Structures are given as structure tokens and as C-alpha cells.
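Peer 1: Give me a 3D structure for the following:
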Amino acid sequence: GSGSCFPCRVWDSKQRMVIHTMPRRSSTTTEQATGPETDVVCVDLFCGAGGLTHGLIEAGVKVVAGVDSDAACRHPYEANNEGTVFHQTDIAKLKASTLNSWFGQAQVRVLAGCAPCQPFSSYALRYQKESDGSRVEDDHRWRLLQHFGRLVDEMCPRPDIVTMENVPTVIRHTVFMDFTDTLRRLGYKVWYDVVDCSKYGLPQRRRRTVLLASRHGEIILTRPVAQNRRTVAHAIKGLPALRHGATDRADRLHTASRLSELNLERIKHSKPGGSWRDWPEHLVARCHSRTTGRKYPAVYGRMRFDEPAPTLTTQFFGFGSGRFGHPTQSRGLSLREGALLQGFPRDYSFVPGDQPIQIRALGRMIGNAVPVDLGRAIGRSIIAHVVENRESFAASRDDGKASRSSASTAKNRGSRGRAAKRDTKLC
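Peer 2: As a prediction, this is how the structure comes out:
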């Protein structure tokens, strides 16, 4: 038929994922065919394995570049996201002029940045201390959000839309409020809220802060479509059975950590949705027998097939790290199961075929990822916003051309001082 196509995920009667190719609705006017929503281009800072990028692409956003300091992210990012280029670099050293070159002549610029969440987590604020006794607030990773704001400010033209994702507790911190203040000062309308990812199709209870900001009017995350929430069974029940310490022959990412004899006996006595409290007394750890230990029932437990998974951490492959035991098999989650619970497709490649599987490194990469389903929801919100404000975005193209001409002239004249005081309306 006419028009391009896009992949649509549905589930068959046995709850297996099926990919159908659905035709896009044909444009009826020249304006619709060439509108700004057809050229929404994004650069993904702190891109990791590409969860956010994959969701954005599925929603119709053209992601051209991903940036991360971890070289191991190059393969999963580029191998699964066609048309993207991975750049291994430190955000603190990234220049706005480099970002400008990646965007090229894009009609709509989107800058996404999901800075590492560990320094903003409740755990870090409550327990973590540096070896020299300094505060967690001094963690250098906090400054990555400041550099995100710096890049937004220094780009010319500035991004039309800015988005970020992080842990719920990020909104309590001064560095986040400084970031939102910077956006407002630069003329952005800012929206943020804590959202439940399971309402957007993720088979996992995962609450995240999502921020959207636009220079073209109010923007919010689209409301979730009313539907039954996806469960652990929807995501992983069809995978081959696996013993602890084993790897599936057809999919080497479907590999599970080896359990000690003690933990193997413990998981055999564990109930889906339960904890160590279900065990015989001789299996209970000494720390859990104490009064303080009884406050932590959500460790050494199995998931339930009929519910969304608990929030995955970077240690989701460890039976003792949370309620990450397989619902029926005597083992922890495999890496592939963790990836599926984060919304990644079944065939998403994380490691080149000639490289070994390193469970801890890949567990960290998968656990830190932005869920694909959340990325898709963010992408759909961006496209809907551009369509709703088409005239404003179209008008900004002419301003963008003028700003690029002004910046080029300033550079040629060596007017660095005047360039730094560039017209906010142009940039």
C-alpha cells in the first residue's frame, strides 16, 4: 500500500509477542507530508544500551546519535537502533557545537538526557558515604545534570524539546530544581511528574520521574491507554526452562547465575510473592533473625507470574538481591528475562557474538536502562505535541536559519564575547 510502515507489537492467544507491520496513515495534504512532525530529530545523552532511543524510534522520532562514557554500550546501541551513531565521550567535555553538527538541519530538535540515577536514589542518600567521609551530594555524577543544562543553554539554535528520566527522588534535590529553573529562564514550558511505568505497558512496577520541556507551548506525557497491565508471565513465561548456572544454547543472554547449595535449598522453599519468612528456621540468615533484619522482607523472594515484576535493580540476576527469584524455576532471573522485563525485544543484542557474557556488567547495563515502553510513551508525547503546535514549529525553522547565520557570522569575526550574548529569541 501507499505510505511507510511501522512495527506494531501485539500478543497472541498464548501471550506471545508478535510483530505486525502496520501501514502509516497516508498524508492528505502537502503540508501534512512535509510538516515538522516528519523531521523530529533527537540526540540521546547518557544513552546506555539504548532503551530510551529504541522507544523513541518506535514512536516515530529520528534518533541520530547516542552519547555515553561506557564503551560497552556501543554494540547494543548501534546494533539494535538503525540510523544511530554511538559516541563514547564524557558529557562534561561535550561541546554544544558538536551537538549542533549532529542535529544538522533538523526541523525539530529534541535533546534527551537520562543522567545516572544512583546519586539521586533513596539508598544513596540514606546509606552511601564516600571513602573519605564526604557527602553523597558531592558525587561527581550530580554535576552531569548541570552539564545537561549547560548544553541546552549553549546550543544555537537551542533544542525545541528537552526530556529526561530519573528516579522519583531526583525532584527533591537542588540540582534538579536548578535544572528546571535554567529551562524556564531559557523560555521553556516545563512539566514533570512521577509516573508508574506499568501503566504504559511495562511488565514491571517501576516509578520514574519524567520531565518534558518545550519552547512551543505546554507539553505533558500522554495519558496511558486503559488496558490490563502486563505481567511477568506475559514477558518471560515462554522462555526455555533453565537451571541455575546454565545458559540456553539458542540464546546465550538467557543465562542464570549459579546458586550456592544453601541458596538453592532456600529458593526451593520460597513461594511466589513470598520471602525468607517462608523458609524453615534453619535456612534463615542470622541477620534476618535479628529485629533489624525483619524489616527487609523483600529479599530472597520469588516473583509472581500473575503480577508485574518488582522494580529491577542492577543486581536483578541475584536471588538474594531482591524478589528476583524465578516464579517456578529454582534460580534467579536470567539476563534475557531482565531485559524483557525492561521492555527490550526478545532479539535485542547486548554483546557481539565473539565476546563473552559478563553477568555483572550486563546486569548493570540492563538494570540502568530506560524502559523501552516508557521511551515509546515519551516519543508519542513529543510527536503529539509537535502536531498540535505545528505552526509554531514551522515558524521556528526560519528563526533557526537566522540564528545559524548569526552564529556563523560571529564566529568568522571572532566575536566570542558577542556570541556569548546572543539573542535568546534566535537561539
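
Peer 1: For the chain, which residues score under the pLDDT cut-off?
Peer 2: Across the chain, residues meeting the criterion (pLDDT under 70) sit at 1-34, 117-142, 226, 287-298, 398-426.

Peer 1: The residue most central in space within it: which element?
Peer 2: Central residue of the chain (C-alpha atoms, centre = their mean): residue 370, 1.5 Å from the mean position. Mapping residue 370 onto the secondary structure by DSSP states H and E places it in no helix or strand at all.

Peer 1: Pull up the gap between it and residue 72, please.
Peer 2: Using C-beta to C-beta, to the nearest Å, we find residue 370 at a distance of 17 Å from residue 72. Any C-beta I mention is one placed from the backbone N, CA and C, and that applies to glycine too.

Peer 1: Quick one: residues contacting the residue nearest to the centre of the chain.
Peer 2: By C-beta atoms under 8 Å, 6 or more residues apart in numbering, the contact set of residue 370 is 48, 51-52, 55, 114, 165.

Peer 1: Kindly report the same for residue 115.
Peer 2: Neighbouring residues of residue 115 by C-beta under 8 Å, 6+ apart: 45-46, 141, 144-145, 148, 164, 166.

Peer 1: let's go with 10 Å and repeat that
Peer 2: Contacts for residue 115 (C-beta atoms under 10 Å, 6 or more residues apart in numbering) come out as 45-46, 91, 141-148, 164-166, 170, 175-176, 179.

Peer 1: My guess is residue 244 contacts residue 256. True?
Peer 2: Yes - taking C-beta atoms under 10 Å as the definition, residue 244 is a contact partner of residue 256 at 5.3 Å.

Peer 1: Neighbour count for those two, which is higher?
Peer 2: When residue 244 and residue 256 are compared on other C-beta atoms under 10 Å, the one with more neighbours turns out to be residue 256, at 25 against 19.

Peer 1: can you tell me how far the more buried one sits from residue 160?
Peer 2: When distances are taken as C-beta to C-beta, residue 256 and residue 160 turn out to be 45 Å apart.

Peer 1: repeat for residue 279
Peer 2: According to C-beta to C-beta, residue 279 stands 55 Å off from residue 160.

Peer 1: ranges for the strands of this structure?
Peer 2: Ranges of strands within the chain are 5-11, 17-23, 40-45, 62-68, 85-88, 108-113, 161-166, 189-196, 207-214, based on DSSP state E.

Peer 1: Would you reformat those strands as JSON lines and include distance to residue 275 and mean neighbour count?
Peer 2: Putting the strands of the chain into JSON lines (distance: least, C-beta to C-beta, whole Å; neighbours: other C-beta atoms under 10 Å) gives the following:
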{"stretch": "strand 5-11", "distance to residue 275": "30", "mean neighbour count": "12"}
{"stretch": "strand 17-23", "distance to residue 275": "31", "mean neighbour count": "11"}
{"stretch": "strand 40-45", "distance to residue 275": "37", "mean neighbour count": "26"}
{"stretch": "strand 62-68", "distance to residue 275": "35", "mean neighbour count": "22"}
{"stretch": "strand 85-88", "distance to residue 275": "40", "mean neighbour count": "17"}
{"stretch": "strand 108-113", "distance to residue 275": "37", "mean neighbour count": "26"}
{"stretch": "strand 161-166", "distance to residue 275": "28", "mean neighbour count": "26"}
{"stretch": "strand 189-196", "distance to residue 275": "23", "mean neighbour count": "16"}
{"stretch": "strand 207-214", "distance to residue 275": "21", "mean neighbour count": "22"}
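
Peer 1: now the ones you listed in TSV, with distance to residue 238?
Peer 2: Shown next, in TSV, are the strands of the chain (distance: least, C-beta to C-beta, whole Å):
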stretch	distance to residue 238
strand 5-11	11
strand 17-23	9
strand 40-45	30
strand 62-68	29
strand 85-88	31
strand 108-113	32
strand 161-166	29
strand 189-196	25
strand 207-214	27
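
Peer 1: Out of the ones you listed, the one nearest residue 229 is which?
Peer 2: Across the strands of the chain, the minimum distance to residue 229, taken as C-beta to C-beta, is reached by strand 189-196, at 9.3 Å.

Peer 1: tilt between that closest one and strand 207-214?
Peer 2: 160 degrees (axes from the mean of the first three to the mean of the last three C-alpha atoms, to 10 degrees).

Peer 1: With just CA atoms, put strand 189-196 into PDB.
Peer 2: This file holds the C-alpha atoms of strand 189-196, laid out as PDB (Å, rounded to 0.1, in the frame of the first residue of the first chain):
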ATOM      1  CA  LYS A 189       7.400  25.400  29.400                       C
ATOM      2  CA  VAL A 190       8.300  22.600  31.900                       C
ATOM      3  CA  TRP A 191       6.300  19.600  33.000                       C
ATOM      4  CA  TYR A 192       7.500  16.800  35.200                       C
ATOM      5  CA  ASP A 193       5.900  14.100  37.300                       C
ATOM      6  CA  VAL A 194       6.500  10.700  38.800                       C
ATOM      7  CA  VAL A 195       4.900   8.000  36.600                       C
ATOM      8  CA  ASP A 196       4.100   4.300  37.000                       C
END
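
Peer 1: pretty sure residue 93 is touching residue 150, no?
Peer 2: No - taking C-beta under 10 Å as the definition, residue 93 is not a contact partner of residue 150, at 11.4 Å.

Peer 1: Of these two, which one has the most company?
Peer 2: Higher neighbour count among residue 93 and residue 150: residue 150, with 16 against 9, using other C-beta under 10 Å.

Peer 1: Identify the residues contacting the more buried one.
Peer 2: Listed by C-beta under 10 Å, 6+ apart, the contact set of residue 150 reads 91-92, 94, 96, 143, 182.
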